[in-house]
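**Student:** below are the sequence and a predicted model; questions follow.
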Amino acid sequence: MEMEAEVTVAPTSPAGNLEQVQAETISLREGGIGRAEARFIDVGEGGIGIAFAENVTLKEGGIGVALAENLKADNSSIAVALAGEIGGDVKVFFDLRAGLVCGLVAGIVIGLFKLLKRR
């Protein structure tokens, strides 16, 4: 779907589960979207693979990768979250801080291996 004002995805809707949605507002209920891009995304008991938005609200759902300015969640999980502000009851497995630490550690380990290999 391309640039509709508002898209609602639910199991009973004709849309069902979608690969890609791009709209001003996306409301997802008990469905799934592979890639969602919107200004506002609201998910209730559903899931999104990759979400790009200014504001994301997640209630008892999950997102694989979330890129948002504001992310609010209730009893939800996100694998990778890159957000300006994260609030609520959310389990984030990999956020911006974890990414920076992981990159720093990987850089140090690779640097040490290169130094040891030269000797």
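**Tutor:** Ah, there it is.
**Student:** next helix or strand past the helix or strand in which Ala66 is found?
**Tutor:** Element membership for Ala66, per DSSP states H and E: strand 62-95. Helices and strands here follow DSSP H and E; after strand 62-95, the next one along the chain is helix 96-118.
**Student:** could you say what helices and strands that following helix packs with?
**Tutor:** Counting by 3 or more CB pairs under 8 Å, 6 or more residues apart in numbering; DSSP states H and E, the packing neighbours recorded for helix 96-118 are strand 62-95. Backbone N, C-alpha and C define where each C-beta goes, glycine included.
**Student:** let me know the angle separating the strand it packs on from helix 96-118.
**Tutor:** Between the axes of strand 62-95 and helix 96-118, defined by axes from the mean of the first three to the mean of the last three CA atoms, to 10 degrees, the angle is 60 degrees.
**Student:** what packs against the strand holding Ala66?
**Tutor:** Using 3+ CB pairs under 8 Å, 6+ apart as the contact criterion, the elements in contact with strand 62-95 are strand 40-44, strand 47-59, helix 96-118.
**Student:** wait, which of the ones you listed is closest to Gly87?
**Tutor:** Proximity of the helices and strands packed on strand 62-95 to Gly87 was assessed by CB to CB; the nearest stretch is strand 47-59, lying at 10.1 Å.
**Student:** so how far is that closest one from its chain's centroid?
**Tutor:** Chain-centre distance of strand 47-59: 5 Å, with CA atoms, centre = their mean, to the nearest Å.
**Student:** what angle separates the strand holding Ala66 from strand 47-59?
**Tutor:** Calculated by the same axes, to 10 degrees, strand 62-95 forms an angle of 80 degrees with strand 47-59.
**Student:** dead centre of this structure: give me the residue that sits there.
**Tutor:** In the chain, the C-alpha nearest the mean C-alpha coordinate belongs to Ala66, at 1.8 Å (CA atoms, centre = their mean).
**Student:** bridging residues for Val90?
**Tutor:** When bridges are assigned using DSSP bridges, the partners listed for Val90 are Ser76.
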